[in-house]
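build me a model:
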Amino acid sequence: MELSKKGIECLRELLAPGNRRIVIVTHTNPDGDAVGSSLAWAEVLRGMGHAVTCVVPNKYPYFLDWMQGIDEIVIFKNDTEGRAARAIAEADILFCLDFNAISRLEILSETIQANTTARRVLIDHHLSPDEDFYLSFSHPDASSTCYVVYAIVEALFGTEAITCRMAEALYVGMMTDTGNFAFSFLTPELFRAVAVLVEKGIRIPDIHNNVYNAYTEGRARLFGYAINRKMEIIQDGTVAYMSLMENEMRRFQFQQGDSEGFVNYALTIKKMKMSAMFLAHRKFIRVSLRSRGDVDVNLFARKYFNGGGHKNAAGGKSFLTMQETIDHYIRSVREFADEGHLG
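Coordinates of the predicted model:
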């Protein structure tokens, strides 16, 4: 990944005037990378003397509650006082982290679009970004948005500017978006960055334990139920899918983030090339897709589920019933295979 020198200088000029009113926004169902990059970048900007508000469309997973500074994030869906809307309306700069299009903000999109004077700056690593940004740091070859933020901080100020708290937030994103450093652009530069974060004093075992070993009993039982009762395998053992209805999730006291990682599990099966998770919501079904090797689920999501993402991790939505969604998925997989995309 190589940052544009022109882009860095443009960003430096944009941030040069003191006390800018800045809002950092990230995507719906914010994950470790979204939250980590937001918290770290906010600390950088506050250190420059700017007034910063971090906003997320809805609640982040409970297993991130321990992160320093997370209580300062405004959850738009629960913001009865209108703090987020006011901050966005008054913002001079809107930093858009870990998503490639304003539409991905869902309930927050209209509020963002209403501010037509703020400079919008994209910092992201997803494919096919929208073009309506004043400045864009879009790097699909980066393992995480946290790594892009790390590189920007290094380019602007050097690694001396990274505090332990900032390093911890950045590591969370790097760790979670690579499946604990198991996939997705594992470059020498990434591990050199991790070395710098360790030098700042982060405790990797503690971070890992806080994120991966802090689930509820209900989540553990839901996982067992999903694998045992709901995982189906098709296409001669190379493609899998799971589905969960709202009543099934309620049985296990489902909380935001509980289904994290479920879609990956089928890929532990030797022949498996592609996996899907269908999660029912009130108005639609959220589709999560994972693959390994050359199977491009970004292409699959764009073609069949109005979505997108990365080559081996993507998502989309379905506005059909669950059974209709599953039937559509099975037909789409067959067509995808017939076109040679499943190897």
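
residues making contact with stretch 288-304?
Defining contact as C-beta atoms under 8 Å, 6 or more residues apart in numbering, one finds that stretch 288-304 is touched by 127, 183, 263-264, 266-267, 272-277, 279, 287, 305, 307-316, 328-329, 332, 336, 341-343. Using the backbone N, CA and C atoms, a C-beta is placed for each residue, glycine as well.

repeat that with 7 Å
127, 263-264, 267, 273-277, 307-316, 332, 336, 341-343 (C-beta atoms under 7 Å, 6 or more residues apart in numbering).

mind listing what's buried in that stretch?
Of all the residues in stretch 288-304, those buried under the rule 16 or more other C-beta atoms under 10 Å are 288-291, 295-304.

about what we covered before: among the contacts of stretch 288-304, which lie within strands?
Secondary structure defined by DSSP state E assigns 274-277, 308-309, 313-316 of those to strands.

next, work out how far apart Leu197 and Asp124 are.
20 Å (C-beta to C-beta, to the nearest Å).

how far away from the center of its chain is the helix or strand of the chain with the lowest mean pLDDT?
One helix or strand of the chain scores below all others by mean pLDDT, DSSP states H and E: strand 308-309, with a mean of 88. Put simply, strand 308-309 sits 11 Å off its chain's centre (C-alpha atoms, centre = their mean, to the nearest Å).

strand partners (parallel or antiparallel) of that strand?
strand 313-318 (antiparallel) (DSSP bridges).

just the CA trace of the strand it pairs with, in PDB.
Presented in PDB, the C-alpha positions along strand 313-318 are these (Å, rounded to 0.1, in the frame of the first residue of the first chain):
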ATOM      1  CA  ALA A 313     -15.300 -11.100   2.500                       C
ATOM      2  CA  ALA A 314     -18.400  -9.300   1.300                       C
ATOM      3  CA  GLY A 315     -22.100  -8.800   2.100                       C
ATOM      4  CA  GLY A 316     -25.400  -7.600   0.900                       C
ATOM      5  CA  LYS A 317     -29.100  -7.600   1.600                       C
ATOM      6  CA  SER A 318     -32.200  -9.500   0.500                       C
END
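
circling back: wait, which of the buried residues of stretch 288-304 is closest to Gln113?
Lowest distance from Gln113 to the buried residues of stretch 288-304 (C-beta to C-beta) belongs to Arg302, with 22.9 Å.

Leu64 contacts Ile70, correct?
Yes: if you go by C-beta atoms under 7 Å, Leu64 and Ile70 touch, sitting 6.3 Å apart.

look up the closest residue to Trp41, ignoring the ones flanking it.
Val149 (5.2 Å; C-beta to C-beta, 6 or more residues apart in numbering).

pretty sure the one you found sits in a helix.
Yes: membership of Val149 in a helix is supported by DSSP: H, G, I helix; E, B strand; the rest coil.

count of neighbours near it?
29 (other C-beta atoms under 10 Å).

distance of it from Asn19?
22 Å.

for Arg302, which three-state class applies?
helix.

what about it, distance to Lys59?
Distance from Arg302 to Lys59, by C-beta to C-beta: 28 Å.

could you do Leu197 as well?
Counting by C-beta to C-beta, the separation of Leu197 from Lys59 is 26 Å.

and those two? Which one has more around it.
Using other C-beta under 10 Å, the more surrounded residue of Leu197 and Lys59 is Leu197, with 23 against 17.

got a list of what the more buried one touches?
Shown in contact with Leu197 (C-beta under 7 Å, 6+ apart): 167, 170-171.

number of residues surrounding the nearest residue to Gly47 once chain neighbours are set aside?
Spatial nearest neighbour of Gly47, excluding adjacent residues (C-beta to C-beta, 6+ apart): Ala161 at 7.3 Å. A count of nearby residues for Ala161, using other C-beta under 10 Å, gives 14.

the one 5 residues further on now?
Other residues within reach of Met166 by the criterion other C-beta under 10 Å amount to 26.

same deal with Leu105?
Neighbour count of Leu105, defined by other C-beta under 10 Å: 22.

Ile233 now?
Using other C-beta under 10 Å, Ile233 has 15 neighbouring residues.

I'd like the mean pLDDT over whichever helix or strand it is part of, please.
Applying DSSP states H and E as the criterion places Ile233 in strand 232-234. The average pLDDT within strand 232-234 is 98.
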